[in-house]
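Engineer: quick one, what's the 3D model for this:
(chains A and B)
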Amino acid sequence: MKASVFATDVGYGNTKSAFARGAEIGLQMFPSLAPPATNSTLSQHGGGYLKARDVITVTVDGSRYEVGPDVAISTAYGDTGRTLSEDFVTTPNYTALLAGSLQYVGVTEVDRLVLGLPVHTTPMYSDYLRDRYTGELDFGDTRIVVRNVMPLPQPLGALVSFSQYGGDKFDPVNSHLIVDVGYFTTDWVVARGFTMDDSRSGGVPGGAAKIYQQMAALIQKSEGVAVSGIERIDECLRENLPMLFYNKDLDLRPFFEEARSLCHTTVKEMQSRVGRAEDIRSIVLTGGGAAIYAPFIKAAFPRTTVHMMESPCYANVRGFYLIGSAHHARGGNR
Amino acid sequence: MGKLEIKVTITEAATPTLYRRLAAMGDLRQRAFFLKQLAEYGACNVSEMIGMAVTHSHTASPPPTVSSPPGRNAAELVAVAIPVSDVPSVEARAPAPALPPASRNDLVNEPPVLGTTAPTAAAGGLSTLALDALVAATSRFNG
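Structural biologist: Got it, this is the predicted structure:
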């Protein structure tokens, strides 16, 4: 299937995509986990009692990876295939996740592929993404042709989504501060209208994962045994469930409250870069970790209105799709 | 997920311009999409002009639906509007100026792009001004 515009935000936490589906915008999301593919599938021999996992296999540089909604969040030795480093976009895992997002939708040809990057790595990796993903991409059984790659700072997508779906909350004349609290990074953009102010925008490592990692350290200190991965902490927190840990149902709330103080460092760094907020109409919080950081951001900017996007996971990628579509509508590479 | 099914009759006599635009579109889905985008844009930005009070409830409007591609189940593929909610604000502010209404040359008035992928139509909620501003502001990322 050919897509004129396909937007993918391969985040550290989840991989989100937006694409045309008939006359609507289709959205897709799966965890940003790309463990090595298993050689056998037990569920095929389960006589129908074992449900097959919803994953696909993607080949990158000769190695096979599993990606999809049902990819395992825990493995024997903690190798879930998640990458938490600033060079994430250069890893085979990133390629596997991007390939998966295209293959799940059945796309084989894309005129314009819009990709998200953390603000502070956008200058560093934009050219890399263009070079790496323009042309015919070989993913083993599948080849996908991409004619143009457009990397964008992640919060810019949320800004455009906010302008479209925020109704009268979006002020095109004055500035907004968009804060995207992701899994591994917290990114922010100060923009007047759609124009980003680079001097006040930025990003730092320090998203939701930073809190989960601190919680893991606190649990280790308390229980005397290391936690092998933070994915289950994330899942239990989101679902408000105790976490099974060696036959104990751990109440995560005390660990969370203690670890949450780490938000201060990230917010202070953002505050010093943004400067005084007297010209900012409102602060828009988005990203999966927005709720964790919200009280600290409100405290740092007490005189500025704060909006929380209700479906923060898709805010960036919907905006990316709109930006890609706008460029497509206005004549290609302009 | 909220959903409203509304049968709407558009007549040449009551809404001649709208009728003309819609009639020019051969594709039924394209026509429905155009109408919904136009209504959404109006609800967000210019509803005062037609005498309707705008409340915050419009931001929680039912999200657009999406059909799953062949072989995928709906749980993995969702289409959501992205409403915003207020975190209790510390300071009241004056209402933000609304975006100007779409001009005659705006994207939604251009001939529709037909086909299974319709990015031009998907950007149709943007006025010409917003579209040009968006393209201008993001051109530097276009390599």
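
Engineer: switch to C-alpha atoms for all contacts and neighbour counts from now on
Structural biologist: OK.

Engineer: how many other residues sit next to A:F320?
Structural biologist: Using other CA atoms under 10 Å in any protein chain shown, the number of residues around A:F320 comes to 35.

Engineer: let me know the pLDDT of the residue in the stretch 51-200 of chain A positioned nearest to chain B.
Structural biologist: Of all residues in the stretch 51-200 of chain A, A:G167 sits closest to chain B, at 4.4 Å by CA to the nearest CA. pLDDT for A:G167: 75.

Engineer: got the CA coordinates for stretch A:179-193 in CSV?
Structural biologist: The C-alpha atoms that make up stretch A:179-193 are tabulated as CSV, following Å, rounded to 0.1, in the frame of the first residue of the first chain:
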residue,chain,number,x,y,z
VAL,A,179,6.4,20.1,27.7
ASP,A,180,6.6,16.5,26.5
VAL,A,181,7.5,14.2,29.4
GLY,A,182,8.5,11.0,27.6
TYR,A,183,9.9,7.7,28.8
PHE,A,184,13.6,8.6,28.8
THR,A,185,13.7,12.4,28.0
THR,A,186,11.7,15.4,28.9
ASP,A,187,11.5,17.8,26.0
TRP,A,188,10.1,21.3,25.8
VAL,A,189,9.4,23.8,23.1
VAL,A,190,8.6,27.5,23.5
ALA,A,191,6.8,28.5,20.3
ARG,A,192,5.0,31.6,19.1
GLY,A,193,2.3,30.4,16.8
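
Engineer: what's around A:E278, how many residues?
Structural biologist: Quick note: A:E278 (other CA under 10 Å) scores 11 neighbours.

Engineer: quick one, what contacts A:A217?
Structural biologist: Neighbouring residues of A:A217 by CA atoms under 8 Å, 6 or more residues apart in numbering or on different chains: A:226-227.

Engineer: ok, now with 10 Å
Structural biologist: A:211, A:223-227, A:255, A:259 (CA atoms under 10 Å, 6 or more residues apart in numbering or on different chains).

Engineer: that one sits in which helix or strand?
Structural biologist: Here A:A217 is covered by helix A:208-223, with elements defined by DSSP states H and E.

Engineer: still on that earlier bit, right, and the residue of the stretch 51-200 of chain A closest to chain B touches B:E40 too?
Structural biologist: Yes - using CA atoms under 10 Å, A:G167 is in contact with B:E40, at 9.4 Å.

Engineer: between the two, which is the more surrounded one?
Structural biologist: Set A:G167 next to B:E40 and count neighbours by other CA under 10 Å: A:G167 wins out with 25 against 20.

Engineer: before we move on, back to that, tell me which of the contacts of A:A217 is nearest to chain B?
Structural biologist: Among the contacts of A:A217, and counting by CA to the nearest CA, the member closest to chain B is A:I211, at 21.9 Å.

Engineer: got a pLDDT number for the closest one?
Structural biologist: Reading off the model, A:I211 has pLDDT 91.

Engineer: how close does it sit to B:A13?
Structural biologist: For A:I211, the distance to B:A13 equals 61 Å [CA to CA, to the nearest Å].

Engineer: what's the answer for B:F141, then?
Structural biologist: Distance from B:F141 to B:A13, by CA to CA: 46 Å.

Engineer: looking at those two, which one has more neighbours?
Structural biologist: Using other CA under 10 Å as the criterion, B:F141 and B:A13 rank with B:F141 on top: 16 against 8.

Engineer: verify the stated contact: the more buried one with A:T122.
Structural biologist: Yes - using CA under 10 Å, B:F141 is in contact with A:T122, at 9.2 Å.

Engineer: between these two, which contacts overlap?
Structural biologist: With CA under 10 Å, 6+ apart as the test, B:F141 and A:T122 both reach A:151-153.

Engineer: what subset of those residues is buried?
Structural biologist: Buried members of the shared contacts of B:F141 and A:T122, counted by 16 or more other CA atoms under 10 Å in any protein chain shown: A:151-153.

Engineer: what does B:A24 show for phi and psi?
Structural biologist: With angles defined as degrees, to the nearest 10, B:A24 sits at phi -70, psi -10.

Engineer: neighbours around it, how many?
Structural biologist: 12.

Engineer: could you say which helix or strand holds A:G203?
Structural biologist: Following DSSP H and E, one finds A:G203 within strand A:202-205.

Engineer: ok, that strand: who's next to it in the sheet?
Structural biologist: strand A:185-192 (antiparallel) (DSSP bridges).

Engineer: quick check, A:L98 in contact with A:K16.
Structural biologist: Yes - at 9.4 Å, A:L98 counts as touching A:K16 under the criterion of CA under 10 Å.

Engineer: longest helix of chain A?
Structural biologist: Longest helix of chain A, by residue count under DSSP state H: helix A:312-329.

Engineer: A:A3 and A:R232, how far apart?
Structural biologist: 36 Å.

Engineer: between the two, which one's more packed in?
Structural biologist: Counted by other CA under 10 Å, A:A3 and A:R232 do not tie: A:A3 has more neighbours, with 23 against 16.

Engineer: how about the more buried one: what's its closest non-neighbour residue?
Structural biologist: Spatial nearest neighbour of A:A3, chain neighbours left out: A:V110 (4.8 Å); criterion: CA to CA, 6 or more residues apart in numbering or on different chains.

Engineer: which neighbours do A:L98 and A:K16 have in common?
Structural biologist: A:8-10, A:32.

Engineer: taking those one by one, which sit in strands?
Structural biologist: A:8-10 (DSSP state E).

Engineer: next, format those as a markdown table and append neighbour count.
Structural biologist: Shown next, in a markdown table, are these (neighbours: other CA atoms under 10 Å in any protein chain shown):
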| residue | neighbour count |
| --- | --- |
| A:T8 | 27 |
| A:D9 | 28 |
| A:V10 | 25 |
